[in-house]
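# Would you be able to build a 3D model of this:
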Amino acid sequence: MEPSKLVKPQSASSLGLALVVSSSPPLILLNEQLVVKAASGSFCRSFSVNCETVVGKELFELGDGEWDIPQLRSLLVATAAGNAAIDAYEVDLTRAGSPTRHLVIHAHVLDHREDEALRLAVAVTDVTDALQARRANDALVHEKQVLLQELNHRVANSLQIIASVLMQRVRIAQSEETRTHLRDAHHRVMSVATLQRQLASSATGEVALRPYFTDLCASIGASMIPDPELLSLTVEADDSVTTADKSVSMGLIVTELVINSLKHAYPAEAKGTIKIGFSATASGWVLTVADDGVGIQGEHASGKAGLGTGIVNALATQLSATVTSTSVALGIPDRMWGRSAH
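Got it, this is the predicted structure:
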């Protein structure tokens with residue numbers, strides 16, 4: 001049996017050299033005087049340095065002196081003295097005849113024994129391409145935002161034109177039934193315009209439902225309620241937020257149900273309140289539109305589904321929700337049950 005051999009631990013110097021030699025990212029090893037003791041091949045290739053002659057030169061003498069950056073020199077001197085460490089210091093490296101490179105530098109003193117010379121490991125990452133890609137992406141995002149704003153502006157103008165044309169048709173229509181249908185179409189277009197305006201102003205892609213429903217009801221009331229002293233719309237909602245596409249469906253549902261209540265629940269000069277409610281839990285949500293009017297009367301009470309009902313049911317299907325309607329002596333609550341608002 002051979003006697004055991006005592007293996008001497010590697011010194012910080014030899015360990016540092018091995019680390020540099022095997023490094024894939026650009027890495028150099030400096031002594032206390034900031035003289036290069038070793039450099040990785042990746043460093044030499046990245047910055048056009050001759051690996052055979054780099055050892056023994058001061059860092060700031062490399063190349064044509066492009067590494068002689070006063071702020072970098074001060075930071076490395078402080079790091080070598082144990083007064084600092086360089087973490088993600090950004091600097092521009094400018095070489096004659098070459099484009100400027102944007103570098104991120106890390107520098108730390110290697111642990112060493114008192115009888116060993118100090119060694120400073122300096123890692124250099126060239127982030128020029130990544131920075132340019134980020135800037136290009138930011139420019140593209142800005143361009144898309146400008147185009148989206150222009151699109152929103154044109155959509156808003158188009159909706160206003162459509163609404164104006166519908167009102168002109170209302171004035172010249174001979175049939176009261178035709179005028180009623182045109183008014184309904186006008187109200188729907190104006191509600192869509194309100195939804196579009198609110199969504200266009202949302203910068204996060206998420207919509208807070210309470211102010212969203214409040215603004216929507218204010219718009220509906222302004223266009224459909226001639227005397228706010230008689231009829232009013234109120235909103236009672238929690239602090240839920242949802243995605244833009246779901247908020248559009250919910251807004252259209254509220255619009256249809258409110259229009260339905262205004263048309264059928266309140267005879268001329270009748271007083272009342274239409275309440276819009278929304279609450280959410282971890283398992284689902286409830287959207288309610290309730291009025292205190294007389295309920296559906298006459299031929300409308302037959303149960304035959306109209307255009308508004310078809311729209312509501314179709315939108316509910318998109319939301320994976322279920323619609324329930326309850327008629328009581330004082331009004332018609334419509335409730336929609338669905339899964340999480342997100």
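
# Can I take it that Asp87 is in a strand?
Yes. When DSSP: H, G, I helix; E, B strand; the rest coil is applied, Asp87 is found to be in a strand.

# From Ala156, how far out is it?
As judged by Cβ to Cβ, to the nearest Å, Asp87 and Ala156 stand 49 Å apart. C-beta coordinates here come from the backbone N, C-alpha and C atoms, glycine included.

# Compare the two (neighbour count), which wins?
Applying other Cβ atoms under 10 Å to Asp87 and Ala156 shows that Ala156 carries more neighbours, namely 14 against 10.

# got a pLDDT number for that one?
Reported pLDDT at Ala156 in the predicted model: 80.

# Please apply the same query to Glu176.
Glu176 carries a pLDDT value of 88.

# In this protein, spot the helix with the most residues.
The longest helix of the chain (DSSP state H) is helix 128-172.

# what's the next secondary structure element after that one?
Following helix 128-172 in sequence order, the next helix or strand is helix 176-200 (DSSP states H and E).

# Other residues contacting that following helix?
149, 152, 155-156, 159-160, 162-163, 166-167, 169-170, 173, 207, 212, 215-216, 219-220, 223-224, 244, 247-248, 251-252, 255-256, 259 (Cβ atoms under 8 Å, 6 or more residues apart in numbering).

# Run the chain-centre distance for that helix.
Offset of helix 176-200 from its chain centre (Cα atoms, centre = their mean, to the nearest Å): 30 Å.

# quick check: angle from it to helix 128-172?
Going by axes from the mean of the first three to the mean of the last three Cα atoms, to 10 degrees, helix 176-200 is angled at 160 degrees with respect to helix 128-172.

# Next, the buried residues of helix 176-200.
181-196, 198-200 (16 or more other Cβ atoms under 10 Å).

# and after it, which helix or strand comes next?
Assigned by DSSP H and E, the successor of helix 176-200 is strand 206-208.

# quick one: Val91 from Thr125, how far?
Taken as Cβ to Cβ, the span from Val91 to Thr125 is 11 Å.

# got the residue ranges for the helices in the protein?
Going by DSSP H, the chain shows helices at 12-21, 41-46, 51-54, 70-80, 128-172, 176-200, 209-224, 244-264, 307-318.

# Out of those helices, which one sits most buried?
helix 244-264 (a mean of 22; mean count of other Cβ atoms under 10 Å).

# average pLDDT for that helix?
87.

# Against which helices or strands is that helix packed?
For helix 244-264, the elements it packs on are helix 176-200, strand 206-208, helix 209-224, strand 272-280, strand 285-291, helix 307-318, judged by 3 or more Cβ pairs under 8 Å, 6 or more residues apart in numbering; DSSP states H and E.

# in its sheet, what does the fourth one sit against?
Here strand 272-280 is paired, per DSSP bridges, with strand 231-237 (parallel), strand 285-291 (antiparallel).

# Pipe the ones you listed into JSON lines and attach mean pLDDT, distance to Asp138 and mean neighbour count per row.
Putting the strands paired with strand 272-280 into JSON lines (pLDDT from 0 to 100; distance: least, Cβ to Cβ, whole Å; neighbours: other Cβ atoms under 10 Å) gives the following:
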{"stretch": "strand 231-237", "mean pLDDT": "93", "distance to Asp138": "36", "mean neighbour count": "18"}
{"stretch": "strand 285-291", "mean pLDDT": "92", "distance to Asp138": "36", "mean neighbour count": "22"}
